[in-house]
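*Asks:* the following block contains a protein sequence and its predicted model.
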Amino acid sequence: MALRACGLIIFRRRLTPKVDNSTIEFLLLQASDGIHHWTPPKGHVDPGENDLETALRETQEEAGIEAGQLTIIEGFRRELNYVAREKPKTVIYWLAEVKDYNVEIRLSHEHQAYRWLGLDEACQLAQFKEMKAALQEGHQFLCSTAT
């Protein structure tokens, strides 16, 4: 059985929205262990939680951003399937926009750094092709829907 995790692809828009698409910046966290990979906040589903509850809890635990500080973007949900530490893993991601551009990020012990990045930089740091694809699809979704 695949390990199941859920998370949020968190983004913010620079203060001049709709001028061009480079105003979208994604939040990536750098893991403290292993290969120090960069991903959005995510984590394993606890008993009794639904997937979105997990994503919101993990975001609060790993980045210090509470549910009330986010707007979940309707209509976007991506499922990534890959092998991690020789076990199949499924990760569900939603898109979420921070309500405050200058929101404070408070990292847990699980991460050692964070960065807000444009799409190209985020994809370079993301390393894994499934994560890059999810970022690209999220960006495309945001650019194709008028908000």
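*Replies:* Sure, I can see it.

*Asks:* that's a helix at F141, yeah?
*Replies:* Yes: F141: assigned to a helix according to DSSP: H, G, I helix; E, B strand; the rest coil.

*Asks:* that one touches G75, doesn't it?
*Replies:* Yes: using Cβ atoms under 8 Å, F141 makes contact with G75 at a distance of 7.4 Å. C-beta here means a position set from N, CA and C on the backbone, and glycine is covered the same way.

*Asks:* between the two, which has more neighbouring residues?
*Replies:* Neighbour count, other Cβ atoms under 10 Å: between F141 and G75, F141 has more, with 15 against 8.

*Asks:* W94 versus that one, what's the distance?
*Replies:* Note on F141: its distance to W94, by Cβ to Cβ, to the nearest Å, is 11 Å.

*Asks:* do N50 as well
*Replies:* According to Cβ to Cβ, N50 stands 12 Å off from W94.

*Asks:* what's the answer for D46, then?
*Replies:* For D46, the distance to W94 (Cβ to Cβ) stands at 17 Å.

*Asks:* quickly list what the residue lying closest to A84 once chain neighbours are set aside is bridged to.
*Replies:* Spatial nearest neighbour of A84, chain neighbours left out: L3 (7.3 Å); criterion: Cβ to Cβ, 6 or more residues apart in numbering. Applying DSSP bridges to L3 gives these bridge partners: K89.
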